[in-house]
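Engineer: only geometry, no sequence info:
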């Protein structure tokens, strides 16, 4: 090999090594860099009953889409025409992320009467099938109610027994049963709520976390940390300790988003920490177009807090 060729080949080899090292270093740096955490709340929804305009199903769907909502949650069982709902969904692109069971208060799964519990189970079964047709992924269920006629232990045992009857239907439909924390005097500790879910040892049950409701019992961050990956969806409402103390317990809810004590910045940080990124549904006093627009604008502030 001539000296000139030797020098040229040596230079080319050195260049190739340098490029390779550079690519490797860039790849290693990229892999070492932490990925940007997803936003916790990414899709806005609300409850069907919040829409107070006197409109057809189709026009209500159009209204919500025009106002910037991504979805709406219906009650199930309900009296809406399934074909009309599906036509409105397909026409507008407004999603139906899930349903809310409409019988769990009237006929609780913890009721002393087995016939009433059976009726509630049947209603949840229908909701699971309805939700599958809607293209949703969850049915919100209040698991039980403790009162003067139902002890805590009875509510725990009865509700779990009835929910277990529904697990095969959840499997069949692919729709999950999501328990919500409400003022039902039941599952009022975040650690207990997590244990309640875990005892089913089944992937088709989880939690529908209501941020505002827990202010009566504790703080949202504690619940988010405890429930972690069990959280399937979020309900949003605000709560004010001042209004509760000055005007009465239920008046605590009578406050706009960002004007109460939920501390949405901390809520978002906690959700981000557990890797939640999904639906958030407003569950507040609804109204006409103007009111629904205000709610959506307030939700923007919550999402970006």
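Structural biologist: Structure received. Being a predicted model, the structure only gives us computed values, none of them experimental.
Engineer: CA atoms for contacts and neighbours, from now on please.
Structural biologist: OK.
Engineer: list the contacts for residue 228?
Structural biologist: If you count contacts by C-alpha atoms under 8 Å, 6 or more residues apart in numbering, residue 228 has them with residue 274.
Engineer: hang on, it is in a helix, isn't it?
Structural biologist: Yes. With DSSP: H, G, I helix; E, B strand; the rest coil as the criterion, residue 228 is located in a helix.
Engineer: for the most centrally placed residue in the chain, name its beta-bridge partners.
Structural biologist: With distances taken as C-alpha atoms, centre = their mean, residue 233 lies nearest the centre of the chain, 1.1 Å away. On the basis of DSSP bridges, residue 233 is bridged to residue 208.
Engineer: and the gap between it and residue 280?
Structural biologist: 6 Å (C-alpha to C-alpha, to the nearest Å).
Engineer: surely residue 154 is in contact with residue 109?
Structural biologist: No. Taking contacts as C-alpha atoms under 8 Å, residue 154 lies outside contact range of residue 109: 10.4 Å.
Engineer: these two - which one has more neighbours?
Structural biologist: residue 109 (31 against 17; other C-alpha atoms under 10 Å).
Engineer: so residue 136, which state does it fall into?
Structural biologist: Of the three states, residue 136 takes coil under three-state DSSP.
Engineer: wouldn't residue 170 be in contact with residue 204 here?
Structural biologist: Yes. Using C-alpha under 8 Å, residue 170 makes contact with residue 204 at a distance of 6.3 Å.
Engineer: between the two, which has more neighbouring residues?
Structural biologist: The residue with more neighbours, out of residue 170 and residue 204, is residue 170; 24 against 19, by other C-alpha under 10 Å.
Engineer: check which helix or strand covers the more buried one.
Structural biologist: Assigned by DSSP states H and E, residue 170 belongs to helix 152-173.
Engineer: got any residues that touch both of residue 170 and residue 204?
Structural biologist: 176-177.
Engineer: so residue 285 sits in a helix?
Structural biologist: No. Secondary structure assignment (three-state DSSP) places residue 285 in coil, not in a helix.
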